Each structure stands twice: as C-alpha cells, then as structure tokens.
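Novice: what follows is a protein structure lacking sequence information:
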Ligand SMILES: Nc1ncnc2c1ncn2[C@@H]1O[C@H](COP(=O)(O)OP(=O)(O)OP(=O)(O)O)[C@@H](O)[C@H]1O
C-alpha cells in the first residue's frame, strides 16, 4: 500500500512544527525517517496515524485519506510506537486477542499467526504473563508481535531498536525484509543509522520540521557532496552545520 504525504504543514498548536513536507513510501519500499532530536519525526508519524490534523496538505494511503473511511485507514496500518503501550490488566495472550478484535480478525487464526512470531522472540511460554512481568525489551517485542499479526499493508515504526537485544534486532530486521519482499510499505524512524543503512531503500532527512534531503543513499551522498560517505557521516555533517555535538 503506498503512502503519499503531500505538502503537510502541521503541529500541536497554531504554530507549525512541520512545514510543507512531501514524500512517498511505495509498495515494497522501506523508507527511513531520520533527523536530530526535535526534527519532527514523531510529529510526522502522529499526522500519518491521524492523531494530529494537518493545517494544510493531505495524506493518502492508496489514494484514500483518513476522512474517506477512518476505520479502513487505521486498520491498514501496523503501528509500533517508540514507547510500548500495553494494558496492565491484560496478559500477553489477551493483548493478541484485543489486537485481533480491534482489527476485525478471527481470534483463532490470529493466535496461529502469532505462534511463530512468539517463538522467534522467545515469548511463546509467556502467554499468561502480564506487562508488569516483562522487561523493557520484552514489552517492545509484544508491540512488534501485535503489529505483525495483523499483516498490515503499511508499517509505521517509531524508533524500534531501543531495548531490543542484538538477537532480537537481527530477527526484527529479517522480518521487516520479509514483509518488504511481500510488498508491504514501511516507514521507520530511527537514530540507529547503521541498521537504517543496512535495510532502508530510501531516506527522508528531517531538519527543523522541513525535509532537508531525501532519496537513496547515493542520492543523499550527492546532496551532501560526500561521495562514499555512510549515513552516519552525513548525519554528523548535518549536526556540524548546525553546531550540534553528537
Ligand atoms: N505534545 C507536544 N506539544 C507541543 N509541542 C510538541 C509536542 N511534542 C513535540 N513537540 C515539539 O515538536 C517538535 C518536534 O518534536 P518531535 O517529537 O516530532 O521530534 P523527533 O524528531 O521525533 O525527536 P526525537 O528524535 O527526540 O524523538 C519539537 O520542537 C518538540 O518540542
């Protein structure tokens, strides 16, 4: 499912945080949303999720806006937030069931779909556990499992690597690659540039709420006039220009 962001200006109060953003995420494409702290990555994601209303511009998911059918729009997106959002009074098994219900999926089929994911993330023997029993990384894994069981056409992922151990990061990257091969569109915000460089097809670099540069790694190298540079080196260059220390 393609995501089209067209001339979005938006934010929290009347003062815009995002200024005239336009970019696309095509079918089978993984786009990395990159930027320094406060650049506007989470604000962009909130607009895509329909949690904030743009002042100007439109967001299309396969040519449909959220206003055309908000349920269908939201059900097409698997969202992995930066901070896990879990219900204290529900077990892992119940989180899977509530996700199935929210997305109108058959509960037994969803449990079957969850099985290999739970195994992969070593949560298969913890179905009766409550969030208070989970570590930070385990909570993040529950969010990942819940996003992947709905098999969405668009994944929106906000800084997924925090708290994940190296084994889980490897498995998560492998899963993302599989979904990409199956034609899903993925937008992932992250500061972990080595991982982003490994798997993203293209990047959108945000700076002060505007698009500073966008394109493939080789297009970014041209933009920064840094042939052969890594994403890390280009990011450092951007920070240097702004007088930041990273
Ligand atoms: N709830 C809010 N109300 C008002 N302003 C906000 C709110 N959340 C964020 N902002 C402001 O919006 C701007 C962009 O913040 P945002 O969280 O989108 O940045 P980010 O790129 O995700 O940063 P980080 O890498 O630190 O997560 C910042 O100036 C921030 O102060």
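Specialist: Nice, I can see it. Since the model is a prediction, treat every value here as computed from it, not as a measurement.

Novice: list the buried ones in the helix or strand containing residue 236?
Specialist: Residue 236 is part of helix 231-241 when elements are defined by DSSP states H and E. Using 16 or more other Cβ atoms under 10 Å as the test for burial, helix 231-241 gives 231, 234, 235, 236, 238. To be clear about C-beta, it is placed using only N, CA and C from the backbone, and glycine gets the same treatment.

Novice: now do stretch 212-223: distance to the chain's middle.
Specialist: Distance, stretch centre to chain centre, for stretch 212-223: 20 Å (Cα atoms, centre = their mean, to the nearest Å).

Novice: quick one: buried residues of that stretch?
Specialist: So, applying 16+ other Cβ under 10 Å, buried residues of stretch 212-223: 212, 213, 214, 217, 220, 221.

Novice: next: stretch 123-136.
Specialist: Residues 123, 126, 130, 131, 134 are the ones in stretch 123-136 that count as buried (16+ other Cβ under 10 Å).

Novice: the helix holding residue 236 vs the ligand: in contact?
Specialist: No. Against the ligand, helix 231-241 shows no contacts by Cβ under 6 Å from any ligand atom, the least distance being 11.9 Å.

Novice: which residues touch that helix?
Specialist: Outside helix 231-241, the residues that touch it by Cβ atoms under 8 Å, 6 or more residues apart in numbering are 34, 36, 193-194, 196-197, 203, 205, 207, 212, 217, 220-221, 224, 226, 229, 245-246.

Novice: try it again at 7 Å.
Specialist: With contacts defined as Cβ atoms under 7 Å, 6 or more residues apart in numbering, helix 231-241 is touched by 34, 36, 193-194, 196-197, 207, 212, 217, 220, 224, 226, 246.
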